[in-house]
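Peer 1: Provided below are the primary sequence and the corresponding predicted coordinates.
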Amino acid sequence: MPQPLSLRHDWTRAEAEAIYAAPLMDLLFQAQTVHRAHFDPNQLQLSKLLSIKTGGCAEDCTYCSQSAVNGSQLSASKLMEVERVLAEARKAKAGGATRYCMGAAWRSPKDRDMTALAAMIGGVKAMGMETCMTLGMLDDTQVLRLRDAGLDYYNHNIDTSERYYSEVITTRTFADRLETLARVRDAGIKVCAGGIVGMGETRMDRIDMLLTLANLPAHPESVPVNMLIPMPDTPLAGTPPLDPIEFVRTIALARILMPQSHVRLSAGRTAMSDEMQAMCVFAGANSIFVGDTLLTADNPCEDKDDALFAKLGLVAMDEAKAVAAE
Ligand code: SAM
Ligand code: DTB
Ligand code: SF4
């Protein structure tokens with residue numbers, strides 16, 4: 001997708017480091033200035049997640065509750081029936097979501113699943129919501145099948161820096177992730193790509209993760225920044241929490257490097273105070289997951305989020321505005 005000349009794809013590490021490490025008030029001011037040039041600062045895009053196939057995954061992602069390799073207690077489910085997915089999507093629409101994200105605990109989908117996946121996409125689109133799927137690695141045929149079914153976004157996270165990647169996952173490579181992202185982009189599906197912070201990585205890893213995303217030929221339209229949820233039964237269960245200000249700096253850097261992207265304050269909000277979430281929004285986050293469950297982990301309930309929005313004067317970005325901004 002062609003992008004305006006003002007969007008840069010040649011950020012250097014020195015520039016990114018200087019932005020990230022600036023005095024916090026300068027960093028927040030810069031991020032908020034960039035944010036206001038591209039978005040209404042009081043609007044949040046609302047996405048809803050559904051796990052359409054849970055547990056029993058062959059990959060060894062150390063953060064994930066769904067990896068069979070981690071010896072997770074979570075039992076493996078089959079792919080959810082299309083009608084059930086659509087019934088859940090109807091509830092999400094009623095709850096104000098404009099994007100419906102369907103996630104599967106797969107290394108990659110099987111060809112036999114593609115017909116059901118296409119029906120889910122068609123059904124959710126017919127409700128007037130944007131569709132997103134996250135299904136693992138895709139081959140050329142699968143990408144085109146999803147595109148032809150009308151899929152709007154594909155989520156595929158690079159998770160961390162290239163350097164730290166093998167500390168977190170060994171059953172696939174950083175290059176594998178970039179390959180699927182390039183396929184998705186080339187097919188004309190919008191890209192949702194971000195990562196996780198708080199996994200024991202260094203500040204440089206956080207910076208390099210964002211540099212990789214910002215220096216792709218086109219910025220991902222959505223950039224989810226997940227705070228690790230230390231799930232029981234995973235190798236990262238006992239990981240100490242990341243300093244909240246480091247997290248805010250990560251959000252601000254994402255906003256400054258990728259000015260037109262929706263930066264999502266993604267997993268981990270249940271562990272964040274209202275003040276921290278407010279600071280993340282000031283730093284340029286303008287998308288969240290709503291509803292009390294992510295894939296397997298908890299998310300703040302609707303009442304709690306409604307109270308937070310009221311306190312901060314935040315309103316939902318309607319679908320038209322969400323699409324126009326991209
Ligand atoms: N299996 C597919 C894949 O890995 O691409 C799709 C689902 S996977 C669960 C989607 C993303 O959720 C991961 O890439 C990771 O960034 C995020 N995630 C998973 N578990 C998490 C956790 N405990 N804390 C924060 N983010 C997590
Ligand atoms: C993303 O970056 N975060 C979402 C979504 N993309 C698929 C997933 C968060 C998962 C949190 C842990 C869980 O629910 O199991
Ligand atoms: Fe499987 Fe995705 Fe979890 Fe990795 S993150 S174990 S690929 S479900």
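Peer 2: Arrived safely, thanks for sending. Ligands and ions are numbered 1, 2, ... in the order given.
Peer 1: just to confirm, which helix or strand has Met80 in it?
Peer 2: Here Met80, judged by DSSP states H and E, is contained in no helix and no strand.
Peer 1: what residues are up against it?
Peer 2: 50, 52-53 (CB atoms under 8 Å, 6 or more residues apart in numbering). Just so you know, the C-beta spots here come from the backbone N, C-alpha and C atoms, and that holds for glycine as well.
Peer 1: which outside residues touch stretch 83-92?
Peer 2: 48, 50, 52, 100, 102, 120, 123-124, 127, 129, 290-291.
Peer 1: Spatially, what comes nearest to Ala214 if we skip its sequence neighbours?
Peer 2: Leu257 (3.8 Å; CB to CB, 6 or more residues apart in numbering).
Peer 1: Also Leu294?
Peer 2: Leu294 sits nearest to Leu49 (CB to CB, 6+ apart), 5.3 Å away.
Peer 1: Mind giving me the packing neighbours of the helix or strand hosting the one you found?
Peer 2: Assigned by DSSP H and E, Leu49 belongs to strand 43-53. Contact partners of strand 43-53 among helices and strands, from 3 or more CB pairs under 8 Å, 6 or more residues apart in numbering; DSSP states H and E: helix 82-94, strand 99-104, strand 262-265, strand 287-290, strand 315-316.
Peer 1: Let's have those in JSON lines, adding mean pLDDT.
Peer 2: As requested, these are arranged in JSON lines below (pLDDT from 0 to 100):
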{"stretch": "helix 82-94", "mean pLDDT": "96"}
{"stretch": "strand 99-104", "mean pLDDT": "98"}
{"stretch": "strand 262-265", "mean pLDDT": "98"}
{"stretch": "strand 287-290", "mean pLDDT": "96"}
{"stretch": "strand 315-316", "mean pLDDT": "94"}
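Peer 1: In terms of helices and strands, where is Asn226?
Peer 2: With DSSP H and E as the criterion, Asn226 is inside strand 222-227.
Peer 1: what is the orientation angle of that strand with strand 99-104?
Peer 2: 60 degrees (axes from the mean of the first three to the mean of the last three CA atoms, to 10 degrees).
Peer 1: helices or strands up against strand 222-227?
Peer 2: strand 153-155, strand 190-192, strand 195-197, helix 244-257, strand 262-265.
Peer 1: Show me the one of the ones you listed that comes nearest ligand 2.
Peer 2: Judged by CB to the nearest ligand atom, the one of the helices and strands packed on strand 222-227 that comes nearest to ligand 2 is strand 153-155, at 4.8 Å.
Peer 1: tell me which residues of the helix or strand following that closest one are tucked away?
Peer 2: As assigned by DSSP H and E, the chain's next helix or strand after strand 153-155 is helix 162-168. Going by neighbour count (16 or more other CB atoms under 10 Å), the buried part of helix 162-168 is 162, 164-165, 168.
Peer 1: Who's the closest spatial neighbour of the residue in the stretch 201-326 of the chain that ligand 3 sits nearest to, skipping the chain neighbours?
Peer 2: Closest residue of the stretch 201-326 of the chain to ligand 3, CB to the nearest ligand atom: Leu295 (7.8 Å). In space, and not counting its chain neighbours, Leu295 is closest to Ser51: 4.2 Å by CB to CB, 6+ apart.
Peer 1: So that neighbour versus ligand 1, what's the distance?
Peer 2: 8 Å (CB to the nearest ligand atom, to the nearest Å).
Peer 1: Now do the contacts for that residue.
Peer 2: Contacts of Ser51 by CB under 8 Å, 6+ apart are 103-105, 295-296.
Peer 1: swap in Leu312?
Peer 2: With CB under 8 Å, 6+ apart, Leu312 has these contacts: 274, 278, 281.
Peer 1: isn't there a helix covering the last one?
Peer 2: What that stands for is Val281. Yes. When DSSP: H, G, I helix; E, B strand; the rest coil is applied, Val281 is found to be in a helix.
Peer 1: before we move on, the earlier item: out of the helices and strands packed on strand 43-53, which comes closest to ligand 1?
Peer 2: That would be, of the helices and strands packed on strand 43-53 and by CB to the nearest ligand atom, strand 99-104, which comes in at 4.5 Å.
Peer 1: I'd like to check the angle between the closest one and strand 43-53, please.
Peer 2: Interaxial angle, strand 99-104 versus strand 43-53 (the same axes, to 10 degrees): 30 degrees.
Peer 1: Quick check: what element follows strand 99-104 along the chain?
Peer 2: The element immediately downstream of strand 99-104 (helix or strand, assigned by DSSP H and E) is helix 114-126.
Peer 1: helices and strands around that following helix, which ones?
Peer 2: Helix 114-126 sits against helix 82-94, strand 99-104, strand 130-134, helix 140-148, with contacts defined as 3+ CB pairs under 8 Å, 6+ apart.
Peer 1: The shortest one pairs with which strands, parallel or anti?
Peer 2: Just to be clear, that refers to strand 130-134. strand 99-104 (parallel), strand 153-155 (parallel) (DSSP bridges).
Peer 1: Reformat those as a markdown table; add mean neighbour count and distance to ligand 2.
Peer 2: Formatted as a markdown table, the strands paired with strand 130-134 follow (neighbours: other CB atoms under 10 Å; distance: least, CB to the nearest ligand atom, whole Å):
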| stretch | mean neighbour count | distance to ligand 2 |
| --- | --- | --- |
| strand 99-104 | 25 | 4 |
| strand 153-155 | 24 | 5 |
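Peer 1: I'm done for today, thanks for sticking with me.
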